[in-house]
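K.L.:
I'll drop the sequence and a predicted model, then ask my questions.
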Amino acid sequence: MIFKLFTWPIDTVRFVGEKVYEEAEKELYDLEAIQRKLVNLQLQYEMNEISEEEFQAKEDELVERYEIAKQRELDSLTDQ
């Protein structure tokens, strides 16, 4: 009981940190969110709101995240 009393603040911070990490991972590798960002990026480029270099850099990043997310999805299906 005393041990739990002393470790409670650390356990709470760790728990909150894990939850924040999980939510960040979901947002970073959410297929639908990435697809929406790609469409929005394309629209920004077509409306000359961003340069071709900026478009290419952001598109490369989003495509890489999409590929990782898709692989994670396939891995989770094969684990079941």
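P.N.:
Structure's in. What do you need? Treat the numbers as computed from the prediction; the structure is a model and nothing was measured.
K.L.:
from here on, contacts and neighbour counts on C-alpha atoms
P.N.:
Will do.
K.L.:
Next, find the distance separating R65 from V39.
P.N.:
Using C-alpha to C-alpha, to the nearest Å, we find R65 at a distance of 15 Å from V39.
K.L.:
So between the two, which is more surrounded?
P.N.:
Comparing R65 with V39 by neighbour count (other C-alpha atoms under 10 Å), the higher total belongs to R65, at 17 against 13.
K.L.:
nearest residue to that one other than its sequence neighbours?
P.N.:
Of all residues beyond its chain neighbours, the one nearest R65 is Y29 (6.2 Å), with distances taken as C-alpha to C-alpha, 6 or more residues apart in numbering.
K.L.:
how close does the one you found sit to Q71?
P.N.:
According to C-alpha to C-alpha, Y29 and Q71 sit 10 Å apart.
K.L.:
Looking at those two, which has the bigger crowd around it?
P.N.:
For Y29 against Q71, the residue with the higher neighbour count under other C-alpha under 10 Å is Y29, and the figures read 21 against 12.
K.L.:
buried stuff in the lowest-mean-pLDDT helix or strand in the chain?
P.N.:
Ranked by mean pLDDT, DSSP states H and E, the weakest helix or strand in the chain is helix 2-28, scoring a mean of 80. Using 16 or more other C-alpha atoms under 10 Å as the burial criterion, the residues of helix 2-28 that qualify are L28.
K.L.:
and whichever helix or strand comes after that helix, what does it pack onto?
P.N.:
Scanning forward in sequence from helix 2-28, with DSSP states H and E defining helices and strands, the next element found is helix 31-46. Judged by 3 or more C-alpha pairs under 8 Å, 6 or more residues apart in numbering; DSSP states H and E, the packing partners of helix 31-46 are helix 52-79.
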